[in-house]
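J.: Structure, please.
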Amino acid sequence: TTDATAPTDTAQVSGYIVAAFEDNEGNLWFGTNGQGAARWDGTSLRYFSIAEGLIDNVVTGIAEDSTGNLWFGTQAGASLFNGKTFTGFGPAEGLSGAGCKVLVDCNGAIWAGTSTGVFRFDGKQFNAFELPIPVIDTPSYKMVPGKVWDLFEDSKGNIWFGRDGYGACRYDGRSFKHFTKKDGLCSNNVASIAEDAQGNIWFGSITSDFPEYIEEGGVSRYDGKTFKQFPEVKGLTTNDIYNLYADRAGNIWIGALRVGAYRYDGTSFTLFDRTDRPDLTKYFAIQAFAEDRHGTLWFGFSGGLF
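T.: Residues are numbered from 1 along each chain as shown. The predicted structure follows:
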C-alpha cells in the first residue's frame, strides 16, 4: 500500500488499536487511531475509512444494534453501517463531542457518550440526555469535566456512565445514583465499567491532570453495598486503568498501565506482562479487549494488535 497513513509495521493492523468488537457474523472489527475501522473476516483484512463514507478515521467505539447494523463511534460523531453504506451522525444530527462510545441496551435503544455528555438516538437523530452532576468537595479531572469515558449496561438492566471528574452514575430507567471517591472509587475519573460472573460491578479509574496532577486511579469493585480496592496488587491503585473487560466465563481483565494485564477469576489475580514484541508494548497500554467466538482474546495496545 502507498497510503501515507498506513501502519509502518506490516505485521500490525495499526499502531494504535483503540476499539475491538466481534459482530454477529463472526467478523472482528478494530478501531484505529487514524486508519478508520479494520475488519478481519477470518481470511482477509479490509479497512473502512472516510473514503468509504466513515465520518472520521479515529474509531473509538464499536457496537451492533438489534437489526445487525454496526455503529462506529469516532472523534467526530458516529457512523451507522448497514453492511454496504455508512450514514453519519455529527453535530447537525444532534451528536456533538469527541471520543464517541456507543451502547445498544437490551431494549434496542442506542446510547452515545462523548466528551460533551450522553445522547440517545430516536431513529433519526441524537438527543442530549442530561446527567445530573454530583456534589464533589475538591473537583479534579483528566480531560473535560463530564466527558463520558464509558457506557455499560449491567445484568439487571441498569445503565452505567463512567464520567470524567464526576465518578460513575447509575440510571435505572427512572432515577440516577452517583458513586464518587467518597463512596470508594479510586478516582472520580471513571474510564471503564464491567460486571463479573458474581454480579459485582468493577470500575477502572484514572489519574487527574487538572487543576493539577494527582496520582490517583486504580480498580475498585462494588458488590451492591460496599466498595473494595486492591492496594496489595501492583498497578491496581494510583495508576491509570483505562480498560476493563469481562470475558464469557465472567473473568475480569484489567489493563494496568506499565504493569500488564490482570485476569481476575473471582478468587485471585493472574498477571500477564510479556509479549513477543516488547519493543511495541513497553508501556503495556491496553486500549481495547475482545473475546471472539473461538475463545481467542484480542488486545488492542498502544503498539498494535495482539
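J.: Can you pull out the low-pLDDT segments for this structure?
T.: 1-8 (pLDDT under 70).
J.: what about I254, which SS state?
T.: With DSSP: H, G, I helix; E, B strand; the rest coil as the basis, I254 sits in strand.
J.: Show me which residues of stretch 33-43 are buried.
T.: Buried positions in stretch 33-43, judged by neighbour count with 16 or more other C-beta atoms under 10 Å: N33, G34, Q35, G36, A37, A38, R39, W40. C-beta here means a position set from N, CA and C on the backbone, and glycine is covered the same way.
J.: do stretch 271-285 as well
T.: Buried, per 16+ other C-beta under 10 Å, within stretch 271-285: T275, L280, T281, F284, A285.
J.: and if you look at stretch 217-236?
T.: 217-222, 227, 229-230, 233-236.
J.: Quick one: distance of that stretch to the chain centre.
T.: Between the centre of stretch 217-236 and the centre of its chain there are 19 Å (C-alpha atoms, centre = their mean, to the nearest Å).
J.: before we move on, what about stretch 199-217?
T.: 15 Å.
J.: for that stretch, how far is the first residue from the last?
T.: Separation of the first and last residues of stretch 199-217 by C-alpha to C-alpha, to the nearest Å is 22 Å.
J.: who's in contact with stretch 68-84?
T.: In this structure, residues lying in contact with stretch 68-84 by C-beta atoms under 8 Å, 6 or more residues apart in numbering are 19, 23-24, 29, 31, 37, 48, 53-65, 86-91, 93, 95-96, 98-102, 104, 110, 112, 114, 126.
J.: wait, what's in contact with N127?
T.: Contacts for N127 (C-beta under 8 Å, 6+ apart) come out as G94, F119, R120, F121.
J.: The closest residue in space to the last one that isn't next to it in sequence pairs with what?
T.: What it means is F121. Sequence neighbours aside, I110 is the residue nearest to F121 in space, at 3.9 Å (criterion: C-beta to C-beta, 6 or more residues apart in numbering). With DSSP bridges as the criterion, I110 is bridged to V104.
J.: Kindly report the same for E153.
T.: Beta-bridge pairing for E153 (DSSP bridges): I159.
J.: Break down the stretch 151-300 of the chain into its strands, ranges please.
T.: 159-163, 167-171, 176-179, 190-195, 201-205, 218-222, 227-229, 241-246, 252-256, 260-264, 269-272, 286-291, 297-301 (DSSP state E, counting those that start in this stretch).
J.: Just the CA atoms of the fourth one, as CSV, please.
T.: Only the C-alpha atoms of strand 190-195 are listed here, as CSV (Å, rounded to 0.1, in the frame of the first residue of the first chain):
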residue,chain,number,x,y,z
VAL,A,190,-14.0,6.6,35.7
ALA,A,191,-12.7,5.3,32.4
SER,A,192,-14.2,1.8,32.3
ILE,A,193,-17.0,-0.3,33.9
ALA,A,194,-17.6,-4.1,33.8
GLU,A,195,-19.5,-6.8,35.6
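J.: Right, I'll call it a day here.
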